[in-house]
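Asks: sequence and predicted structure below; questions after.
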Amino acid sequence: MNNEDVIDVLNDLIENCRDGEYGFRACAEHTQSTELRELFQSRARECGGAAVELQALVTQFGGRPEDGGTASGAMHRGWVAVKGTLSGYTDLAMLEECERGEDVAKARYQKALGESLPPSVRLVVERQFQGAQRNHDQIRALRDRFRAAA
């Protein structure tokens, strides 16, 4: 894999991280639960930190790091607002949207891990994928808990 290909993969993941950061932040603004607000804010910070880590790798490989999210991520955040408005911004609705976003994040990391990445990059991507998996599992468990309580 040449440097340009590595940079493309990393920039895709940076956009993914920014989408997660902005999405979790949007959900934190609309949730009623202090527990969820703190969790979403924490996840937003983690996604932002992951993006910064990937941006440093892009620079190491001689590229220009992405700085924002994707159009589909912006649409997802718009959908969070629309769905939240329609459902009264229920905590369950925010969890369902976060889970959907985490499904996308996991898929993008899995796609990246299918590439022939340099070992140093692969280690970072694998670690971040594990974090995305953990986020997904935690959000799903919370969604199930809130669904059972509804």
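Replies: Alright, I've got the coordinates.

Asks: any regions of this structure where pLDDT drops low?
Replies: Within the chain, the set of residues satisfying pLDDT under 70 comprises 68-88.

Asks: determine the longest helix present in it.
Replies: helix 119-149 (DSSP state H).

Asks: which elements pack onto that helix?
Replies: helix 3-30, helix 34-60, helix 91-113 (3 or more C-beta pairs under 8 Å, 6 or more residues apart in numbering; DSSP states H and E). Where C-beta positions appear, they are placed from N, C-alpha and C, glycine not excepted.

Asks: list the buried residues of it.
Replies: 121, 124-125, 128-129, 131-132, 135-136, 139-140, 142-143, 146 (16 or more other C-beta atoms under 10 Å).

Asks: can you tell me the centre-most residue of the protein?
Replies: With distances taken as C-alpha atoms, centre = their mean, residue 20 lies nearest the centre of the chain, 2.9 Å away.

Asks: nearest spatial neighbour of that residue, skipping sequence neighbours?
Replies: Nearest residue to residue 20, sequence neighbours excluded (C-beta to C-beta, 6 or more residues apart in numbering): residue 47, at 3.8 Å.

Asks: list the contacts for residue 14?
Replies: If a contact means C-beta atoms under 8 Å, 6 or more residues apart in numbering, then residue 14 has 51, 54-55, 58, 65-67 as its contacts.

Asks: same question for residue 110.
Replies: Residues counted as contacts of residue 110 (C-beta under 8 Å, 6+ apart) are residue 129.

Asks: how close does residue 5 get to residue 56?
Replies: Residue 5 is 18 Å from residue 56, where distance means C-beta to C-beta, to the nearest Å.

Asks: next: residue 110.
Replies: 23 Å.

Asks: equivalent analysis for residue 115, please.
Replies: For residue 115, the distance to residue 56 equals 19 Å [C-beta to C-beta].

Asks: dump stretch 9-17 to PDB, keeping only the CA atoms.
Replies: The C-alpha trace of stretch 9-17 is given here as PDB (Å, rounded to 0.1, in the frame of the first residue of the first chain):
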ATOM      1  CA  VAL A   9      -7.800   5.300   4.500                       C
ATOM      2  CA  LEU A  10      -6.800   7.400   7.500                       C
ATOM      3  CA  ASN A  11      -8.700  10.500   6.200                       C
ATOM      4  CA  ASP A  12     -11.800   8.300   5.800                       C
ATOM      5  CA  LEU A  13     -11.400   7.300   9.400                       C
ATOM      6  CA  ILE A  14     -10.900  10.900  10.500                       C
ATOM      7  CA  GLU A  15     -14.200  11.800   8.900                       C
ATOM      8  CA  ASN A  16     -15.700   8.900  10.700                       C
ATOM      9  CA  CYS A  17     -14.400  10.100  14.000                       C
END
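
Asks: appreciated, that's everything.
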